[in-house]
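Engineer: starting from these lines, generate the structure:
(one chain, ligands or ions: 1)
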Amino acid sequence: MKSSILKWLVLSATVLIGLIVVVQLYWLTKVYSFEQKQFNTNVVKSLRGVFEDLEMNDNPAQSLQQLIHNPADDYYLFKADTIPEQDSLTFYIRKEFGDFDVLTDVKLGAYSSTLKKYVYEDYIPTAASGFNITTAQGLPVFTGEYDHILLYFPHRSQYILGEMNFWIISSVALFLALIGLAISLFYFYRQKFLAEVQKDFVNNFTHEFKTPLAVIKIASDVLAQNDISQKPERLKRYASIIQNQTTHLQNQVEKLLKSASAENKKFPLDKENVQPAKLIEQALNKLQPLIEQKQALVELKVDNYETNIQADEGHLELAIINILENALKYSISPHIIVETGKDESDYFISVKDNGIGIEKKYLKNIFKKFYRVPTGNVHDVKGFGLGLNFVKRIIDGHDGKIRVNSLPGIGTEFRLLIPF
Ligand code: ADP
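Structural biologist: Prediction:
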């Protein structure tokens, strides 16, 4: 499967999972408000029954809505022309609540407007209730104008949630299944990504080693000719080709070995006083064959040899080589400006090229191991995607920073900042 299709599939699946979660949450809130309404209806029906059982209101024409108030979610207050006996009120409430499936604890209080207090309070636990009995809390006074009965449901929310057990359990199961699916998708995508990285690596590896080996083979065939000693110019040229190619191979092997051995570890740095100008000169010398091959113009704006910084000479030189090599590799006719100097509390080494540049969206990835900017047909420069990861680890080891400025088609600047 092509990685772009896979990317879209994973993205669509993620959006779908997100949508399912949102819809499920929407339904859960809907069911909760439906259960709330159902509870309310059942309480009102039960109270109507209690009214009738106890004949608590002298005016039968008065509608239930006028008699029952719901001052807060957990409280129901109903007007009583006569306050009934505690035992009979408790008995009928228990009976009506049982008939209408209001199976949660209730605390009741009969309020007398003349005495301005509750004449009695009672707590009716239900057999089905698994909650602790909470009788200690006194009932609040909502109105003092008329005699009334106040009902308080201390566990109303838990009871309603309990009624939604099926929905909650099925939603949790669905969420768990979705999380499992998302994790599998993530691992599948990562596996696929790693497989592609591996494929690219093998391709690049083959190219990086096959070409120099083929060149060495041709050059050594030429050197093996009988009359070569009579052509000293030719001999020298082919010997130097072999020399350059073996140096290149050596560098590549060193890169791979270092990358494998220093896996996730900090580089063991050996800091001393080093002159950046000298490091740049050495790096340029090592890259001389590539500079000649690319007919590159290298401009130096390097400060004098007096400046010293605290750094690991070998590693910092390797970092500079990698940056310079990239500037040469990714420019068609390279014009490179190398600049050094002080930048507040840091010492900077900047390498600016006029190469193909890097699109902004790729910049955050270029320091990752094995990462290579997908270029399609723009160029076929080979590499392992290890160079910049190396540079970053070296600069991190120096507690430094790397700044990259790049414009596609114009060029790139890598600025290494090392604490001065
Ligand atoms: P590589 O071996 O591919 O060169 P690097 O880690 O050195 O690996 O670089 C990672 C990627 O960053 C490269 O594949 C390339 O696309 C991009 N890159 C690095 N330096 C430059 C540059 N100077 N100009 C343009 N692109 C660059």
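Engineer: quick one: contacts for residue 95?
Structural biologist: 49, 53 (CB atoms under 8 Å, 6 or more residues apart in numbering). C-beta coordinates here come from the backbone N, C-alpha and C atoms, glycine included.
Engineer: quick one: it from the ligand, how far?
Structural biologist: 80 Å (CB to the nearest ligand atom, to the nearest Å).
Engineer: so what pLDDT did the closest residue in space to residue 276 that isn't next to it in sequence get?
Structural biologist: Setting aside the residues directly before and after it, residue 276 is nearest to residue 340 in space (CB to CB, 6 or more residues apart in numbering), at 5.3 Å. For residue 340, the pLDDT comes out at 94.
Engineer: who does residue 340 form a beta bridge with?
Structural biologist: With DSSP bridges as the criterion, residue 340 is bridged to residue 349.
Engineer: so where's the protein uncertain?
Structural biologist: Low-confidence segments of the chain, defined by pLDDT under 70: 1-3, 57-63, 65, 127-137, 144, 259-267, 375-380.
Engineer: where along it do the strands fall?
Structural biologist: According to DSSP state E, the chain carries its strands in the segments 68-72, 75-79, 106-112, 117-124, 148-152, 272-274, 297-301, 309-311, 335-343, 346-352, 401-407, 411-419.
Engineer: quick one: contacts for residue 175?
Structural biologist: 21, 24.
Engineer: residue 75 too?
Structural biologist: 140, 142, 150, 151, 152, 153.
Engineer: for residue 402, same thing?
Structural biologist: The neighbours of residue 402, taking CB under 8 Å, 6+ apart as the test, are 367, 391, 392, 395, 414, 415, 416, 417.
Engineer: correct me, but the last one touches residue 346?
Structural biologist: Yes. Using CB atoms under 8 Å, residue 417 and residue 346 qualify as a contacting pair, with a distance of 4.1 Å.
Engineer: what's the overlap in contacts for these two?
Structural biologist: Joint contacts of residue 417 and residue 346 (CB under 8 Å, 6+ apart) are 400, 401.
Engineer: out of these two, which sits in the busier spot?
Structural biologist: residue 417 (20 against 16; other CB atoms under 10 Å).
Engineer: which strand residues bridge the more buried one?
Structural biologist: Note on residue 417: beta-bridge partners residue 348, residue 401, judged by DSSP bridges.
Engineer: and the residue of the stretch 51-200 of the chain nearest the ligand?
Structural biologist: Nearest residue of the stretch 51-200 of the chain to the ligand: residue 200, at 9.5 Å (CB to the nearest ligand atom).
Engineer: same check on the stretch 101-250 of the chain?
Structural biologist: residue 204 (7.5 Å).
Engineer: ok, the residue of the stretch 301-420 of the chain found nearest the ligand - contacts?
Structural biologist: Residue nearest to the ligand within the stretch 301-420 of the chain: residue 383 (2.1 Å; CB to the nearest ligand atom). Contacts here follow CB under 8 Å, 6+ apart; on that basis residue 383 touches 204, 208, 329, 372.
Engineer: for it, phi and psi?
Structural biologist: Main-chain dihedrals, residue 383, degrees, to the nearest 10: phi 180, psi 170.
Engineer: ok, back up a step: just checking, the residue of the stretch 101-250 of the chain closest to the ligand touches residue 386?
Structural biologist: No. Counting by CB under 8 Å, residue 204 does not reach residue 386; the two are 9.8 Å apart.
Engineer: show me where the stretch 151-300 of the chain has its helices.
Structural biologist: Using DSSP state H, counting those that start in this stretch, the helices of the stretch 151-300 of the chain run over 156-163, 165-223, 232-261, 276-286, 288-294.
Engineer: as CSV, the ones you listed with distance to residue 408 would be great.
Structural biologist: Output for these, formatted as CSV (distance: least, CB to CB, whole Å):
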stretch, distance to residue 408
helix 156-163, 57
helix 165-223, 21
helix 232-261, 26
helix 276-286, 26
helix 288-294, 20
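Engineer: from residue 372, how far out is the residue of the stretch 51-200 of the chain closest to the ligand?
Structural biologist: Distance, residue 200 to residue 372, using CB to CB, to the nearest Å: 7 Å.
Engineer: common neighbours of those two, please.
Structural biologist: residue 385.
Engineer: how about residue 331, what does it touch?
Structural biologist: 294, 296, 353, 354, 355, 356, 411.
Engineer: up against the ligand, what does this structure have?
Structural biologist: Within reach of the ligand by CB under 6 Å from any ligand atom, the chain has these residues: 322, 326-327, 330, 353, 355-358, 366, 371-373, 383-389, 412.
Engineer: rewinding a little: so which of the strands of the chain gets nearest residue 223?
Structural biologist: The closest of these to residue 223 is strand 297-301. By CB to CB, the value is 31.2 Å.
Engineer: list the helices and strands the closest one packs on?
Structural biologist: On a contact count with 3 or more CB pairs under 8 Å, 6 or more residues apart in numbering; DSSP states H and E, strand 297-301 meets strand 335-343.
Engineer: tell me the contacts of residue 406?
Structural biologist: By CB under 8 Å, 6+ apart, the residues touching residue 406 are 357, 358, 360, 363, 412, 413.
Engineer: top of these by neighbour count?
Structural biologist: That'd be residue 412 among those, by other CB under 10 Å, with 24 neighbours.
Engineer: from residue 331, how far out is it?
Structural biologist: For residue 412, the distance to residue 331 - CB to CB - is 9 Å.
Engineer: shared neighbours, these two?
Structural biologist: Common neighbours of residue 412 and residue 331, using CB under 8 Å, 6+ apart, are 353, 355.
Engineer: re the thing from before, burial count for the residue of the stretch 101-250 of the chain closest to the ligand?
Structural biologist: By other CB under 10 Å, 19 other residues sit near residue 204.
Engineer: what sits against the closest residue in space to it that isn't next to it in sequence?
Structural biologist: Counting by CB to CB, 6+ apart, residue 204 lies nearest to residue 382, which is 5.1 Å off, once chain neighbours are set aside. Going by CB under 8 Å, 6+ apart, residue 382 touches 204, 207, 208.
Engineer: how about 10 Å then?
Structural biologist: 200, 203, 204, 205, 206, 207, 208, 211, 329, 372 (CB atoms under 10 Å, 6 or more residues apart in numbering).
Engineer: what does residue 315 give?
Structural biologist: Shown in contact with residue 315 (CB under 10 Å, 6+ apart): 258, 267-271, 390-391, 393-395, 397-398.
Engineer: out of those, which are buried?
Structural biologist: For the contacts of residue 315, a burial check counting by 16 or more other CB atoms under 10 Å picks out 258, 267, 269, 390, 391, 393, 394, 395, 397, 398.
Engineer: alright, that wraps it up for me.
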